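Colleague: I'll drop the sequence and a predicted model, then ask my questions.
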Amino acid sequence: PKQKAIRETITPEQIRQCRAECGAASYEARLIINSSRLEKGKQIELQIQAIARLKRQGRGVYMVLVGDGLEKSTLQQLSRDLDVEDRLRFIGACYEEEKLGLLFCAADLCVVPGPVGLIAMHSLVYGTPLLTCENTRGKHGPEIETIVEGKTGRYFRDGEVEDLVAKIEQMLYPVPCKEKMSAACREVIDKYYTPQYQEKIIIQALNSVLPPEKQIPYVL
């Protein structure tokens, strides 16, 4: 409920200003976001490599990275080595929902090359589709069920930078897929991931094993 309330107060002017602060001020620029602990296993280096390839292809893709961790200096050095320091914003850990909400709303796409957990809920509630790797190794959390191919996000082949680049490009050009996917992203969270809906699911599960006279009434 808090995230939904924040989402509804964010203005187009705030979004424009946020995008400009992240380097994506021009009409042709695209902004992606990831919120993650900066540690090995998150595969954030793939994301930086993808940004570098897109830059060489003439694409104005910028990335804001929310989070902190032991790999921060290594990832910052990689961005310098690949000449994309101007395309990345390392903003550190952030626990202010208002600021996080604005960043997700301002982004065209959320890209998580490694394991997906609660970030799926965070991104979708703000209407931002998510791109992540296929769950071939069972690395994702249960939240991955919210990412429906072509509806609320997409998948790339795990560990393959070329496919990650291709999927990012497909989702951002000629126009960001957020325009078509945003409503479905918000709907899946607003409809199925509320306390009221979860309460109903729990009651249904209990009623399935209780005798008729002891079943718990609930509102559909």
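Modeller: That came through, no problem.
Colleague: residue nearest the centroid of the protein?
Modeller: The residue lying closest to the centre of the chain (Cα atoms, centre = their mean) is C110, at 3.2 Å.
Colleague: and that residue, helix, strand or coil?
Modeller: strand (DSSP: H, G, I helix; E, B strand; the rest coil).
Colleague: might one say that it is in contact with V125?
Modeller: No: C110 is beyond contact range of V125, at 11.2 Å (criterion: Cβ atoms under 8 Å). For glycine as for every other residue, the C-beta is placed from the backbone atoms N, C-alpha and C.
Colleague: from K72, how far off is the closest residue to L46 other than its chain neighbours?
Modeller: Leaving aside its sequence neighbours, L46 sits nearest to P113 (Cβ to Cβ, 6 or more residues apart in numbering; 4.4 Å). Separation of P113 from K72 (Cβ to Cβ, to the nearest Å) stands at 16 Å.
Colleague: when these two are compared, which one has more neighbours?
Modeller: Using other Cβ atoms under 10 Å as the criterion, P113 and K72 rank with P113 on top: 24 against 17.
Colleague: list the contacts of the more buried one.
Modeller: 34, 42-44, 46-47, 132-133, 156, 164 (Cβ atoms under 8 Å, 6 or more residues apart in numbering).
Colleague: now, those residues that are in strands?
Modeller: 34, 132-133, 156 (DSSP state E).
Colleague: doesn't L102 belong to a strand?
Modeller: No: secondary structure of L102 (three-state DSSP): helix, not part of a strand.
Colleague: wait, it sits on E13?
Modeller: No: the pair L102 and E13 fails to qualify as a contact (Cβ under 8 Å) at a distance of 11.2 Å.
Colleague: and those two? which has more neighbours close in?
Modeller: L102 (21 against 8).
Colleague: which residues sit in contact with the closest residue to that one other than its chain neighbours?
Modeller: Among residues not flanking L102 along the chain, C18 sits closest, at 5.3 Å (Cβ to Cβ, 6+ apart). With contact set as Cβ under 8 Å, 6+ apart, C18 has these partners: 102-103, 105-106.
Colleague: from Q47, how far out is C18?
Modeller: From C18 to Q47 the distance is 20 Å (Cβ to Cβ).
Colleague: now for the top helix by length along the chain, which elements pack on it?
Modeller: Looking across the chain with DSSP state H, the single longest helix is helix 178-192. Packing contacts for helix 178-192, counted by 3 or more Cβ pairs under 8 Å, 6 or more residues apart in numbering; DSSP states H and E, involve helix 119-125.
Colleague: and E85, how many neighbours does it have?
Modeller: Neighbour number of E85 under other Cβ under 10 Å is 13.
Colleague: how close does it get to S35?
Modeller: 20 Å.
Colleague: out of the helices and strands in the chain, which is least certain?
Modeller: helix 195-207 (a mean of 48; mean pLDDT, DSSP states H and E).
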